[in-house]
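Asks: Sequence isn't available, so here's the structure alone:
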């Protein structure tokens, strides 16, 4: 009975490997937090508290700080370049041209609006009003400058790529950094997933047909969490050294998000919704570091306060602050500042989103030769 299946596998193995045909997107519209912020938080001037807008941020590619929380380019930058589009300007930039897209992401952004956190006594742990739905409002306000009529907008957005996230990381940070129990982060998860789903549907109603929806990072692998939330020996991964309970939180979020995406795919069969994975590549950076050109090491920040923390991270002298400095070659590290990734890490992730295996399905469609 299994013979036809075996024959089918043999037939498939004889087919030539797939090639990839680059999509011709008219524009990219990006939403998110500090993982993809291109400078929205500092377009009106650099806040005194914002170390991410100081040297050595931006040292690798731009040669100066741009407001990106990395030493260089982000995932969204690599994707734009690979698709033949310019780097997206931050949506709040003055005198910028948005005809090929805009980046609405802002550092500190959440999936849920600030009122949700205020109702739980967590308003002080949310420090900007750039939630997902606030960013979508910014997008709606920009529409008149992008297209002349509702039909023109539908057509334009139908030829564009929308990247929605990641969202959720800062939502969970709100109770965690306030000293609340882990269960409170798990308790708000259904609200976070519902908010992301509503945001996706709002963009679909605007005409989006190609949407990338990233999951969250394995936060238990990052120096900021490893430094702040020490635990018993059995609370760490035996190979990775990551905090098990924090990675479980991220894994559950990603599983729930993928289920929500499946429901949206059924509801909107003419829309292509791609799940993009941050979790797997970061774990691979640790377990198979040399494969990616990273130093074989436990999680350790490139830019931080050497000798003042086990993971080259210290809250009183973070990257960009007095007492901190960057490693000589950021391309040998996956963690840039203990909170965000290096340009090298973002480049590997972007490639995996574009061509696989870190996206389901990949952004660029494979075609049989």
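Replies: All right, it came through fine. All values derive from a computational prediction rather than experimental measurement. Residues are numbered from 1 along each chain as shown.
Asks: and the gap between residue 58 and residue 93?
Replies: 16 Å (C-beta to C-beta, to the nearest Å). (Each C-beta comes from the backbone N, C-alpha and C, glycine too.)
Asks: Could you check which of these two is surrounded by more residues?
Replies: Of the pair residue 58 and residue 93, residue 58 is the one with more neighbours under other C-beta atoms under 10 Å, namely 23 against 16.
Asks: Give me the number of neighbouring residues for the closest residue to that one other than its chain neighbours.
Replies: With C-beta to C-beta, 6 or more residues apart in numbering as the criterion, residue 58 has its nearest non-adjacent residue at 4.5 Å, and that residue is residue 65. Residue 65 has 21 neighbours, counted by other C-beta under 10 Å.
Asks: shaky segments in the protein?
Replies: Within the chain, the stretches with pLDDT under 70 are 1-23, 128-129, 307-308, 367-369.
Asks: Swap in 90 and give it another go.
Replies: 1-24, 41-53, 95, 123-129, 230-234, 295-299, 305-310, 315-316, 365-369 (pLDDT under 90).
Asks: where along it do the helices fall?
Replies: Secondary structure of the chain (DSSP state H): helices located at 3-14, 75-82, 114-119, 132-146, 150-158, 169-177, 182-187, 189-206, 223-228, 244-267, 279-287, 343-355.
Asks: was I right about residue 220 contacting residue 246?
Replies: Yes. Residue 220 is within contact range of residue 246, at 3.3 Å (criterion: C-beta atoms under 8 Å).
Asks: Look up phi and psi at the residue nearest to residue 167 when sequence neighbours are not counted.
Replies: Take residue 167 and drop its neighbours on the chain: the residue closest to it by C-beta to C-beta, 6+ apart is residue 111, 3.9 Å away. When quoted as degrees, to the nearest 10, the phi and psi of residue 111 stand at phi -80, psi -40.
Asks: I figured residue 348 hits residue 281, correct?
Replies: Yes. Under the contact definition of C-beta under 8 Å, residue 348 touches residue 281, with a separation of 6.1 Å.
Asks: How about the residue sitting nearest the centre point of the chain: what's its closest non-neighbour residue?
Replies: Residue closest to the average C-alpha location in the chain (C-alpha atoms, centre = their mean): residue 166, at 4.2 Å. Take residue 166 and drop its neighbours on the chain: the residue closest to it by C-beta to C-beta, 6+ apart is residue 214, 4.2 Å away.
Asks: What about that neighbour, how many residues nearby?
Replies: 27.
Asks: My guess is it contacts residue 278. True?
Replies: Yes. Here residue 214 reaches residue 278: they are 5.7 Å apart, a contact under C-beta under 8 Å.
Asks: Report the set of residues contacting both of these two.
Replies: residue 166 (C-beta atoms under 8 Å, 6 or more residues apart in numbering).
Asks: how close does residue 102 get to residue 61?
Replies: Counting by C-beta to C-beta, the gap from residue 102 to residue 61 is 20 Å.
Asks: Just give the number of residues close to residue 188.
Replies: For residue 188, the count of nearby residues is 21 (other C-beta under 10 Å).
Asks: oh, I was asking about residue 241
Replies: With other C-beta under 10 Å as criterion, residue 241 counts 17.
Asks: from what I can see it touches residue 299, true?
Replies: Yes. Between residue 241 and residue 299 there is a contact at 6.2 Å, judged by C-beta under 8 Å.
Asks: which neighbours do those two share?
Replies: 221, 226, 286.
Asks: For the second one, list the residues it contacts.
Replies: With contact taken as C-beta under 8 Å, 6+ apart, residue 226 is in contact with 220, 241, 242, 243, 299, 310, 311, 313.
Asks: what about the last one, distance to residue 174?
Replies: What that stands for is residue 313. Distance, residue 313 to residue 174, using C-beta to C-beta: 20 Å.
Asks: Tell me which of those two has more neighbours.
Replies: With other C-beta under 10 Å as the criterion, residue 313 and residue 174 differ in neighbour count, and residue 313 comes out ahead with 28 against 23.
Asks: Does the more buried one touch residue 299 like I think?
Replies: No. Between residue 313 and residue 299 there is no contact, the gap being 9.1 Å when judged by C-beta under 8 Å.
Asks: intersection of neighbour lists for these two?
Replies: 223, 226.
Asks: can you give me the offset of stretch 127-140 from its chain's centre?
Replies: Distance of stretch 127-140 from the chain centroid (C-alpha atoms, centre = their mean, to the nearest Å) equals 16 Å.
Asks: so how far is residue 54 from the residue nearest to residue 58?
Replies: 6 Å.
Asks: now do residue 233
Replies: Residue 233 is 37 Å from residue 54, where distance means C-beta to C-beta.
Asks: if we can go back for a sec, so which of the helices of the chain comes closest to residue 335?
Replies: Among those, the nearest to residue 335 by C-beta to C-beta is helix 223-228 (6.1 Å).
Asks: what separates residue 277 from residue 349, distance-wise?
Replies: Residue 277 sits at a distance of 8 Å from residue 349 (criterion: C-beta to C-beta).
Asks: Ok, residue 51 next?
Replies: Taken as C-beta to C-beta, the span from residue 51 to residue 349 is 24 Å.
Asks: quick one, which of those two is more surrounded?
Replies: Ranked by neighbour count (other C-beta under 10 Å), residue 51 and residue 349 place residue 349 first, with 27 against 21.
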